[in-house]
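Using only what follows, build the 3D model:
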Amino acid sequence: MKNKFEFSILGNPNSGKTAIFNLLTGLNQKVSNYPGITVEKKSSNIRVNNKDIILNDYPGSYSIKSQSIDESVVRNAVLSWMSNEDSRPDGIIYVADITNLRRNLYFFSQLLPLDIPIIVLLNMSDIVDPNQIVDIDKLKKNFNIFDIIPFSASKKHGLKNLKITLGRFVETNLTQPINNSLKLSSSNKNLLKPLFDIINNHLKLSKKIIEDLSLSIFSSESFCNKLFFNDSVKAQLLKERNRILSAIDNDMLQNIRTLESDLRYGFIDDVLYKSDYKKIKKVKLQSKSEKIDKVLTHSIFGPILYVGLLYFIFQSIFTFASVPMDFIDSLVTSFGNNVNRNLPEGIFRDLIVDGIIAGVGGVVIFLPQIIILMFFMILLEDTGYMTRVTFMMDKFMRMMGLHGKSVLPIMSGYACAIPGIISTRTIDSWKERLVTILILPLISCSARLPVYVLMIGAFIPNVYIFNFFGLQGLVMVAMYFLGTVTAFILAKVFSKFLSERSNPTLIMEIPPYRLPIIKSVYKQLINRSKLFLVNAGKIIMFISIVLWFLVSFPKIDGESVQISDSYAGKMGHLIEPIIEPLGFDWKIGIGLITSFAAREVVVSTLSTIYNVEDDGDDMINLKDAMKNDINPKTGKNVFTPLVAVSIMVFFVYAAQCVATFAIVRTETNTWKWPMFMIGYMTALAYLMSYFVYNFGLYLGFS
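A predicted model of the protein is given here:
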């Protein structure tokens, strides 16, 4: 008897597959209340009855004929199972949304010819009781599948039954099941027989698979090009398909184009009828969401409310984060001072205190702001509001040469460009996907947040306009607005120069509003905080150590030279003539160099520089050091509000994230586009910063 089994988790987008995968495995893969979260297969092992089960969580798909890159992962897997029995999983866990059962069974009907044992989970059973709308025993019998289980991923209802069913599966010596799948009529078989014969001559497939494939090929020419046959066989299939179509009366062609969907839904309706299916009154389910949408997605009030919501989020970053920030700052300072007093004087102590603690601590204090931003983003995702934003922005997106689905990657970009770039796989058109990738790094990510918060907190006064609008929050919104607007303008420009023609239509299901699950929100916050601390922390620690060495050496007669004469100082002075027109001095220049690895590194760089430069025994406050720094050449402050704004504008556009360009290389399969991004973003950052600084001087700011 086997000791190792493999199950694939499949279903429509936003049906709850990944939530169920997390429940079974104990993992924390991202889940949310909008489609397109899972864009690649994820795997994990579980133990059931002392047997190993490999679980594969696939992206959501409506059909094996879907065109987007993420759904092609599913299509390629299912097609490989059709052509090669050895590649098939031992079983399939199919997740269906009970509130839209008929539509969810379309993709399911394409899996039945494989004759793989299937366990169907009727998810969302906390919203609708499956037993009240369908006879589950009859449904199971009529499809002739392994089991059907009512389930609620949010409430964990059905999890115990699922584990029991998996246990029963691994202990049962299953013979090959015969799933009840779509059967073609005699007239349709005669129509498609030439396609049957071509497929049968080249691959020994089951009769059910041949009929199913032939139906899909006949209904879609593009699907034929995605199949596992060689080019010669594909050419034969397309030639025969076109011959059949040419013999059909023009009045009947429209019916032929919808033949597959008509037959599949006819099959599904027949099974549901025999299973005593009662259609849910969607009005009752959606009424509350529709009432809310009348306001939140209104053509005029919707965008205004969305901008107001963003302002509230950014103002909250300053309002709610100041206390925990000060607390973390005092902890870091106290810890650094204690280490400084207890370690013997020497290079090692200087490295620990002025290098690692000052560098890493200078960024860690911004964790509260990042947590607040992530918290609000998670709430917007989990409630279903982000999908509404997608639809509100669709018309504008098409005007800018983008796809409505570009909204989700762009919104992900406010957290980090990398998952945003990966999630562009949901966009069908290569042109629109590439344009979205090219503009995504302009969206202000969480790595820019420490730079903005440092500059705004130190140099933008905490005053209120009209006793309501906080100036600090408005400046923060302006930075995000600047990057976003520029991204849309460049999207329009790039789309004009890319030759592929496309029709950017948007078809997406709007989920009902749902209350976020507190545990899910908490887990996502923890995961994203860890991601920031671990991933950014490793880079920052490495650069802090290297930077400490560069600002502390060379030594003459055992004594450190002035920091301006150190290795790092020489690097900064080397580029100072280039960046001086932007209002930057050599210290900022060092930050620009080191922050190419990651934008937030500029904060740790400045913290390290000022702590190494300071001769005192205690760690210094970075904001105070920047405010008090005087340029010896001019006798004026190095940092002023105008310089701070110039720095922020530079970082709005700057191409400073190696990891982003590495992922762009992976997604586009060429270095051409990452190098293009580095070039245009660096030029844009310099020009915009130059304009802001010099226009500010012209207006009389210093």
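
hey, which helix is longest across the protein?
Scanning the chain for the longest helix, with DSSP state H as the assignment, gives helix 301-342.

Could I get the full set of strands for the chain?
According to DSSP state E, the chain carries its strands in the segments 4-11, 42-48, 51-57, 91-97, 118-123, 147-150, 464-465, 469-470, 555-556, 559-560.

and the residue nearest the centre of the chain, how far is that from residue 376?
The structure's the chain has its C-alpha centroid closest to residue 419; by C-alpha atoms, centre = their mean the separation is 3.7 Å. According to C-beta to C-beta, to the nearest Å, residue 419 stands 17 Å off from residue 376. For the C-beta atoms, the positions are set from N, CA and C on the backbone; glycine is no exception.

quick one: residue 394 and residue 408, what's the gap?
Per C-beta to C-beta, residue 394 is found 12 Å from residue 408.

More neighbours: those two, which one.
Neighbours per residue, other C-beta atoms under 10 Å: of residue 394 and residue 408, the larger number sits with residue 408, 26 against 20.

picking that back up, so which of the strands of the chain is nearest residue 631?
In this view, the strands of the chain are compared for proximity to residue 631 by C-beta to C-beta, and strand 559-560 is the closest at 21.4 Å.

so what's the closest residue in space to residue 3 that isn't next to it in sequence scoring on pLDDT?
Take residue 3 and drop its neighbours on the chain: the residue closest to it by C-beta to C-beta, 6 or more residues apart in numbering is residue 51, 5.5 Å away. According to the prediction, residue 51 has pLDDT 91.

Verify the contact between residue 51 and residue 169 for me.
No. Between residue 51 and residue 169 there is no contact under C-beta atoms under 8 Å: 9.3 Å.

anything in contact with each of those two?
residue 5 (C-beta atoms under 8 Å, 6 or more residues apart in numbering).

what sits against the residue nearest to residue 3?
With contact set as C-beta under 8 Å, 6+ apart, residue 51 has these partners: 2, 3, 4, 5, 170.

and the fourth one, what does it touch?
Taking C-beta under 8 Å, 6+ apart as the criterion, residue 5 is in contact with 51, 52, 53, 54, 90, 91, 169, 170.

Over to the last one?
Taking C-beta under 8 Å, 6+ apart as the criterion, residue 170 is in contact with 2, 5, 48, 49, 51, 53.

excluding its backbone neighbours, what's nearest it?
Of all residues beyond its chain neighbours, the one nearest residue 170 is residue 51 (4.3 Å), with distances taken as C-beta to C-beta, 6+ apart.

Any idea what that neighbour is bridged to?
As for beta bridges, residue 51 partners with residue 48 under DSSP bridges.

List the contacts of residue 355.
Residues touching residue 355, when contacts are defined by C-beta under 8 Å, 6+ apart, comprise 544, 545, 547, 548, 549, 608, 612.

Give me the neighbour count for residue 62.
Residues within reach of residue 62, counting by other C-beta under 10 Å, total 18.

isn't it right up against residue 107?
Yes. With contacts defined as C-beta under 8 Å, residue 62 counts as touching residue 107 at a distance of 5.9 Å.

shared neighbours, the two?
Counting by C-beta under 8 Å, 6+ apart, the residues touching both residue 62 and residue 107 are residue 12.

And residue 216, how close does it get to residue 68?
For residue 216, the distance to residue 68 under the criterion C-beta to C-beta works out to 17 Å.

Equivalent analysis for residue 162, please.
Taking C-beta to C-beta as the criterion, residue 162 is separated from residue 68 by 29 Å.

List the buried residues for stretch 172-191?
With burial defined by 16 or more other C-beta atoms under 10 Å, the residues of stretch 172-191 counted as buried are 177, 179, 181, 182, 184, 188, 191.

out of those residues, who's nearest residue 467?
Within the set of the buried residues of stretch 172-191, residue 182 lies nearest residue 467; the separation is 67.1 Å, counting by C-beta to C-beta.

ok, now which ones touch residue 651?
The neighbours of residue 651, taking C-beta under 8 Å, 6+ apart as the test, are 448, 451, 452, 599, 602, 685.

Apart from its chain neighbours, what residue comes closest to it?
residue 451 (4.9 Å).

residues contacting the one you found?
Contacts for residue 451 (C-beta under 8 Å, 6+ apart) come out as 599, 600, 602, 603, 647, 648, 651.

Tabulate the residues you listed in JSON lines, adding columns for pLDDT and distance to residue 564.
Listed next are the contacts of residue 451 as JSON lines, based on pLDDT from 0 to 100; distance: C-beta to C-beta, whole Å:
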{"residue": "599", "pLDDT": "86", "distance to residue 564": "25"}
{"residue": "600", "pLDDT": "83", "distance to residue 564": "25"}
{"residue": "602", "pLDDT": "89", "distance to residue 564": "18"}
{"residue": "603", "pLDDT": "90", "distance to residue 564": "21"}
{"residue": "647", "pLDDT": "97", "distance to residue 564": "20"}
{"residue": "648", "pLDDT": "97", "distance to residue 564": "25"}
{"residue": "651", "pLDDT": "96", "distance to residue 564": "24"}
